[in-house]
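S.K.: Could you look at this predicted model? Sequence included:
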Amino acid sequence: TTMKRLSAYTSLLAVLTISLHDVSAFEGRNRRLFGVPRRSVVPLQEARTSLPNDSSDSSSMNLNDQPENLERRKVLISSAAAFASAYLMDKVEPAEASTTLILEESEKRRIDTFEKCAPSVVFIDTFTQKQDAFSTNSIDVPIGTGSGFVWDKDGHIVTNYHVVRNARSAQVAIISPNNGKNLPAGAITMTSSGDDDDTFNVFKPQSEIRASSRKSFSPDYQRSVFKAKVVGVDPGKDIAVLKVDVKDPALLQPISVGTSKNLRVGQLAMAIGNPFGLDHTLTAGIISGLGREVRSPIGRPISNVIQTDAAINPGNSGGPLLDSSGRLIGMNTAIYSPSGASAGIGFAIPVDSVNYIVNTLIKDGKIIRPILGIGYLESKQARALGISRGVLVLDVPPDSPPARAGLKGTRRTETGLIEIGDIIVKVGNTVINTEANLFEALEGYQPGDMIEIKVLRIEAVSDRLEQKEVKLSIPLQSSEILDQGPPVTVYQQFNR
């Protein structure tokens, strides 16, 4: 650009020089031919009007037709062309610059969103206890990492249930701005509140907080690590709420909670998390689909799930899915991939579901759902047995409400044959084709409600098998009974 402008200015200077020379020469000739008195420069237009009209007069010869002036005209024209070319080429550049500026503005908005939301995202390390081979002591062994986000100033952290499901202990790392203090790269502040005997109460107490060698993703942030305890979990929706005791509330920056009601396919989606232990990684994409369904770690379906092509990998679980303004629209929970890494199909629990469950867990410490209290066969396995619709009942606990209502499970007869149990095909007005339909139908009831179900029952009559429909009224039980004793067996398979 500088060379183009220099060439243009040189051409312009040449044009001005030749033009001034022609003016001086023309003025001198007019003085000699027509006796114009010596004075200051005469305007060209005035000089032309003073020429005689007789074209035959040799004194009226056009001065521009002289050889030296023709040469000057050539130089003048070529200089003007060079100047115009350089000027026009220089004019093209602002269009390219404006495109670059638009791209930079888009990048700046994304950077601002990340820097605003990054302190709300936490890094979760989980541990289990293992017997030391050379002593009788137990040591904490890392078993995985995950993501989460700060929910409020009280120190509540939201993550996936499967992140802490098998953990005996865990710790949460929170980043915060240095407030203008540039710490050395990788500076880590280990912060712990309370006595060293305080424990992360997942299922068993843990030992003291463990140091971490991980560096903060930016020298402009400091990394503080806290022990945490479980407030409540909802395995059916793969949600867990932890709590850290932070003495300085300024370290906690709650995430901005949006809504998942008005989401549209195609809008921007950004995920922040810790894939493969790389903390505070930002990936961007779009919302690829709505209304998807995935399975929770206990096999219960999670409905209305958001699908995105923003890269989600192991370690992103529990992290936030954000819109273009940095508002929470979902919690990253699962991917569909033959390799185990991102294949462009990720799933996030919608924030409206997260909001209700998290607030309930913070208030009550648990989620109470209505259940039938039976064991069933997963629909895929039932199809292999020739059962094309409905949910096959496998186990009905003795003296339970379903048993007293007359519901029959699958059993082995005295002769060693398998007697097929009842097949649930309808609950209320909802037709049941798979176990997902059964769970969805129960969501509209409360524990203790009496529901009407229709089952298909296969019986042997006169050495023949006959199928008939049976209607039963069964009171729903509370999911709390699963915490009071051994859980009801559910025969199913799912990827852990």
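M.R.: Received it, and whenever you're ready, just let me know what you need.
S.K.: Going along the chain, name the helices of the chain.
M.R.: Using DSSP state H, the helices of the chain run over residues 2-34, 44-49, 67-117, 161-164, 351-364, 379-384, 401-405, 435-442, 481-484.
S.K.: and these, which one's lowest on average pLDDT?
M.R.: Comparing mean pLDDT across the helices of the chain, the weakest is helix 44-49, with a mean of 41.
S.K.: Please report the number of neighbouring residues for the residue nearest to Val354 when sequence neighbours are not counted.
M.R.: Computed as C-beta to C-beta, 6 or more residues apart in numbering, the closest residue to Val354 that is not its neighbour in sequence is Met331, at 5.3 Å. All C-beta spots, glycine's among them, are computed from the backbone N, C-alpha and C. When counting by other C-beta atoms under 10 Å, one arrives at 28 neighbours for Met331.
S.K.: Run through the residues that contact the nearest residue to Gly155 once chain neighbours are set aside.
M.R.: Leaving aside its chain neighbours, Gly155 sits nearest to Val244 (4.6 Å; criterion: C-beta to C-beta, 6+ apart). Contacts here follow C-beta atoms under 8 Å, 6 or more residues apart in numbering; on that basis Val244 touches 155, 157, 172, 174, 193, 226-228.
S.K.: pLDDT score for Val244?
M.R.: For Val244, pLDDT reads 90.
S.K.: Could you shift the numbering so residue one becomes 12, and keep it that way?
M.R.: Sure, I'll start numbering at 12, so the last one becomes Val255.
S.K.: Can you give me the distance of it to Lys238?
M.R.: 7 Å (C-beta to C-beta, to the nearest Å).
S.K.: ok, the contacts of Val255 vs Ala280, which is closest?
M.R.: Of all those, Ile168 has the smallest distance to Ala280: 22.0 Å, by C-beta to C-beta.
S.K.: ok, back up a step: narrow the contacts of Val255 to those in strands?
M.R.: Of the contacts of Val255, the ones assigned to strands by DSSP state E are 168, 183, 185, 237-239.
S.K.: Which of the residues you listed has the largest number of neighbours?
M.R.: Result: Ala239 is most packed of the ones in strands among the contacts of Val255 (other C-beta under 10 Å), 28 neighbours.
S.K.: For it, name its beta-bridge partners.
M.R.: Beta-bridge partners for Ala239, by DSSP bridges, are Val255.
S.K.: Surely the residue nearest to Val365 touches Asp363?
M.R.: No - at 11.3 Å, Met342 does not count as touching Asp363 under the criterion of C-beta atoms under 8 Å.
S.K.: For Gly329, give me phi and psi.
M.R.: phi 90, psi -10 (degrees, to the nearest 10).
S.K.: List the contacts of the closest residue to it other than its chain neighbours.
M.R.: Counting by C-beta to C-beta, 6+ apart, Gly329 lies nearest to Thr170, which is 3.4 Å off, once chain neighbours are set aside. For Thr170, the contacting residues are 135, 157-160, 251, 253, 328-329, by C-beta under 8 Å, 6+ apart.
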